[in-house]
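S.K.: Next come a sequence and a model predicted from it.
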Amino acid sequence: MVLEKLGESLSGVIRRITRAGALDEKLVKELVREIQRALLSSDVNVKLVLELSRRIEERMLREKPPAGLSRREHAVKVVYEEILTLLGGKAPGSMPSRARIMMVGLQGSGKTTTTAKIARYFQKRGLRTAIIAADTQRPAAYEQLVQLVEKYRIPVLRKESGSAAEIVRHAVKEGGKADILILDTAGRHRSEEELFEEMEELARIFEPDEKLLVIDASMGQQAGAQAEAFSRRIGITGVVLTKLDGSARGGGALSAVAATGAPVRFIGTGERIDDLEEFNPERFISRLLGMGDIQALIEKAKESMDESAAKDILKGDFTLDDLYSQIESLRKMGPLSGILSMLPGFGGGMPKEVAEITESRMRRFLVIMDSMTKEERRNPKIINASRVRRIAMGSGSRVEDVKELLRYHATMKKAIKSFKKGRGRGFTQLARMMRGMKI
């Protein structure tokens, strides 16, 4: 999960609030100190942390809960609202469905990879995308873009020779039919005046609707200074924070950028080309606090799962063939720790070590099912002791592993029956089943 340690700490605070018998002054001060430690360990500016913790303490102790809310519910609401303010408040409006997007940033920030991710992000939403490769400073920048998007047939436009300005003039005409046209520029540093002037010239030629600054989240609080510097020279319309999944300083980067008034548009959540999310502070904080993000989970599922196959499962019997398809779809959605963080009640998601074991187990399940006959996958009831031994030997697994797969299938089958009957126990059984996959 993005900012895993911060999420675990903050969701721990929420659990303490919801389980507290009474929210007296002593407990409130303890909770505020926990929040301070969590934010400071994520490199959030000390001054911002002190201001936020003062507001949280004051509101918890002095504000009267609105009608219909208990003191504990109001305390959770206060924590949510104040951290939302820290990270920039409500989300900016959605990106347009037809636009020219200019990408700028420092060398090594992940700008070229992010350019490919954004092109893929809009392509998955049914839009025609194309990329202009105008980074003439870094060798192999064009080849990198082609390698990243070739599989998805996203065109990368590049004139064989000439300056960056000539490349952009030529490519704008060539990419005129694209709904989303994305310009990848050379990386630069604040002191490189010549490169800044080139960036301004490209902006005049390209006439972008959006100017997105790519920043490495590991910069922490320095991300704010970079956002300000680029904003002064080119007037950025948004920021993309990369490597947020593996950075202990991600909280500092998010809060520092928010303090400049530049909206965070996207966040990079992993190394795969699909590991990019449009940043929504409300949903992001909901996940940090362990409240889940069902909407994001639904969106991921729509991208990864075959809707007609899902309808077939609900109509008929849930076979091992269906389970095979669903495990493959689940793996396409990304790491399990991230998926679970979107389910209410899972707190900071699944610990990384446990997630790795769980994903390894799912891969083993696929190998075991590959060793079954078609009839066994269609009708698991015929798998007796001798068949279990044969399947285990054929897949290089233990007999216990095959039995575990069959138990897992039976649990999934029960959960799906509950969904079909509308008894409201489907999510409960699904959660129990996923927890049961842990060690």
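M.R.: Here it is on my side, so go on. Residues are numbered from 1 along each chain as shown.

S.K.: which one is Thr365 nearest to, not counting chain neighbours?
M.R.: Quick fix: residue 365 is Phe, not Thr. Once flanking residues are discounted, Phe365 sits nearest to Leu405: 5.0 Å by Cβ to Cβ, 6 or more residues apart in numbering. Every residue, glycine included, has its C-beta placed from N, CA and C.

S.K.: Could you list the low-confidence segments of this structure?
M.R.: Applying pLDDT under 70 to the chain picks out residues 1-2, 189-191, 246-248, 290-316, 330-357, 415-416, 418-439.

S.K.: Packing partners of the one helix or strand the residue nearest to Phe365 maps to?
M.R.: Using DSSP states H and E, Leu405 sits within helix 399-421. For helix 399-421, the contact count by 3 or more Cβ pairs under 8 Å, 6 or more residues apart in numbering; DSSP states H and E identifies helix 307-315, helix 320-332, helix 352-370, helix 385-395, helix 426-436 as packing neighbours.

S.K.: List of residues touching the fourth one?
M.R.: The set of residues that contact helix 385-395 without belonging to it, under Cβ atoms under 8 Å, 6 or more residues apart in numbering, is 367-368, 370-372, 376, 383, 397-399, 401-403, 406.

S.K.: Now restrict those to buried residues only.
M.R.: Ile368, Ser371, Met372, Glu376, Ile383, Ser397, Asp401, Val402, Leu406 (16 or more other Cβ atoms under 10 Å).

S.K.: correct me, but the last one touches Ile383?
M.R.: Yes. A contact is recorded between Leu406 and Ile383 when judged using Cβ atoms under 8 Å, the distance being 6.7 Å.

S.K.: Now do Asp135 against Val402, distance only.
M.R.: 52 Å (Cβ to Cβ, to the nearest Å).

S.K.: ok, which stretches of this structure are strands?
M.R.: Counting by DSSP state E, residue ranges of the strands within the chain are 99-105, 129-133, 156-157, 180-184, 210-216, 238-242, 264-268, 276-278.

S.K.: got CSV for these, with mean neighbour count and distance to Asp317 too?
M.R.: Below are the strands of the chain laid out as CSV (neighbours: other Cβ atoms under 10 Å; distance: least, Cβ to Cβ, whole Å):
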stretch, mean neighbour count, distance to Asp317
strand 99-105, 24, 47
strand 129-133, 26, 41
strand 156-157, 24, 46
strand 180-184, 28, 43
strand 210-216, 24, 48
strand 238-242, 25, 45
strand 264-268, 24, 41
strand 276-278, 20, 36
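
S.K.: TSV for those strands, including distance to Met362?
M.R.: TSV is the format used below for those (distance: least, Cβ to Cβ, whole Å):
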stretch	distance to Met362
strand 99-105	35
strand 129-133	32
strand 156-157	34
strand 180-184	34
strand 210-216	31
strand 238-242	28
strand 264-268	24
strand 276-278	23
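
S.K.: For Arg59, find the nearest of those strands.
M.R.: strand 264-268 (25.1 Å; Cβ to Cβ).

S.K.: For that closest one, name the packing helices and strands.
M.R.: helix 111-123, strand 210-216, strand 238-242, helix 250-260, strand 276-278.

S.K.: can you tell which of those is closest to Ile17?
M.R.: Nearest to Ile17 among the helices and strands packed on strand 264-268 is helix 250-260; the distance by Cβ to Cβ comes to 20.2 Å.

S.K.: Please compute how far that closest one lies from its chain's middle.
M.R.: 17 Å (Cα atoms, centre = their mean, to the nearest Å).

S.K.: Could you tell me the angle between that helix and strand 210-216?
M.R.: Relative orientation of helix 250-260 versus strand 210-216 (axes from the mean of the first three to the mean of the last three Cα atoms, to 10 degrees): 150 degrees.

S.K.: Which strands or helices does helix 250-260 pack on?
M.R.: helix 222-234, strand 238-242, strand 264-268.

S.K.: Can you name every helix or strand that the first one contacts?
M.R.: Looking back up the chat, that one is helix 222-234. Using 3+ Cβ pairs under 8 Å, 6+ apart, helix 222-234 sits against strand 99-105, helix 193-206, strand 210-216, strand 238-242, helix 250-260.

S.K.: Parallel or antiparallel, list what pairs with the shortest one.
M.R.: Using DSSP bridges, the strands paired with strand 238-242 in its sheet are strand 210-216 (parallel), strand 264-268 (parallel).

S.K.: and the angle from the shortest one to helix 222-234?
M.R.: For strand 264-268 against helix 222-234, the angle between stretch directions is 130 degrees (the same axes, to 10 degrees).
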